[in-house]
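Q: would you be able to build a 3D model of this:
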Amino acid sequence: MKYSYYPGCTLKNKAKALDRYARLSAEALGITLEEIAEWQCCGGAYTAAGDEIATKLPSVRALKAAEAEGQDLVTLCSACHNVIKRVRNDLMTNEEFAAKVNRYMADEAPFAGQTKVVHFLELLRDTVGFDTLKARVVHPYTGKKIAAYYGCLLLRPGKVLAMDDPENPKIMEDFIRAIGGEPVIYPYRNECCGAYITLEDKASALQKSAEIMASASGFGADYVITACPLCLYNLNAASCESAGVLYFTELLAKALGVDEKGEE
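A: Predicted coordinates:
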C-alpha cells in the first residue's frame, strides 16, 4: 500500500534517524512511503489570520501533490500534521480562503479534497491495525512502563484533527500495548511543554517540561514517548535520570527489529 509522505524540516535535518525509523518500520509492515518531490516547509505553526494565504501555500501544494498521485498524505511530525490538516480544512470549509488560494495558483488545478491527511499513528491504528502490529513485534517492551506525551498539536483542535478524544486520548497507549509495553497514565500528558517559547524564554519552557517529566516519572515511567520533534527537544532538556525521552518511531523500529538497518 502506497502513501504520499511529508517528512517536514526537522526530520530531514536534525532528526534524520526518526524519519529513518519510520520508513524502515513502514516497509516492514507492508507500507510504502513516497516522499513528495520538492516539498516546502509548512511553517511549523498554523496562522489563524483569515486573510493570510502565503504561509499556507506549502501545505496546499503538498495536498495537491498527493492528490495528483491519488494517495493520502502521511505526516510524522505533530506540528506538520496540525498545520497541513487545518489548511485542508480551510480549503474544504472556507470558500473565501479557497478562492484566494485558487486565484493565487491560477495555473494549477484546485485541490478537489480527495486526499486525506493521516498521521503515522493513525496509519498504525487504522490501516495496519494494532493487533497486526502486535503480531509483528519481535522485541517487545515487556515489563517497561511507558508514558505517552501528546502535547498541544497532535489532538487539537479536536473537531479538525479528529484523531482521538483530545481530553482523554488512547491512541498512543494502544500503540504502547501493541509493542508490549505497559502504558502509564499521568496528569500532564496533554499539557504544553513550552513549545516555541523555548526560543525566547528557555527557563519557562524548561519549567513546563520539567513538570511533565516529574509527573511521568512519579507515576513510574521508564520512558516518555512523543510524536513531536519540538516536544522531544524540550522534554529531553528537562529529562530526569529515572525516565528517558524517545520518539515513538524509535520504539517502533526497535520492537520490529529493523532499527539496525540503514544506520549512519
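Q: so where do the helices sit in the stretch 1-150 of the chain?
A: With DSSP state H, counting those that start in this stretch as the criterion, the stretch 1-150 of the chain has helices at 16-28, 57-68, 78-93, 95-104, 120-122, 130-136.
Q: again with the stretch 151-264 of the chain
A: 158-161, 171-178, 202-218, 229-237, 248-256.
Q: any idea which of the helices of the stretch 1-150 of the chain gets closest to residue 249?
A: Across the helices of the stretch 1-150 of the chain, residue 249 has its closest neighbour in helix 16-28 (4.0 Å, C-beta to C-beta). (Each C-beta comes from the backbone N, C-alpha and C, glycine too.)
Q: who's in contact with the closest one?
A: 7, 11-12, 32-33, 76, 120, 123, 136, 229, 247, 249-250, 252-253, 256, 258-259, 261-262, 264 (C-beta atoms under 8 Å, 6 or more residues apart in numbering).
Q: same question for it, mean pLDDT?
A: The predicted model gives helix 16-28 an average pLDDT of 96.
Q: just the CA coordinates for that helix, please, in CSV.
A: What follows is helix 16-28, C-alpha atoms only, in CSV (Å, rounded to 0.1, in the frame of the first residue of the first chain):
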residue,chain,number,x,y,z
LYS,A,16,17.0,12.1,10.4
ALA,A,17,17.1,9.0,12.5
LEU,A,18,13.4,9.4,13.4
ASP,A,19,12.5,9.6,9.8
ARG,A,20,14.6,6.6,9.0
TYR,A,21,12.9,4.6,11.8
ALA,A,22,9.5,5.4,10.3
ARG,A,23,10.5,4.4,6.8
LEU,A,24,12.0,1.1,7.9
SER,A,25,9.0,0.3,10.1
ALA,A,26,6.6,1.1,7.3
GLU,A,27,8.4,-1.1,4.9
ALA,A,28,8.4,-4.0,7.4
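Q: list the buried residues in that helix.
A: By neighbour count on 16 or more other C-beta atoms under 10 Å, the buried set for helix 16-28 is 17, 18, 19, 20, 21, 22, 23, 24, 25, 26, 28.
Q: and which of the residues you listed is nearest residue 179?
A: Once C-beta to C-beta is applied, the member of the buried residues of helix 16-28 that ends up nearest residue 179 is residue 25, at 10.5 Å.
Q: just checking, residue 184 touches residue 149?
A: No - contact between residue 184 and residue 149 fails when scored by C-beta atoms under 8 Å: they sit 10.3 Å apart.
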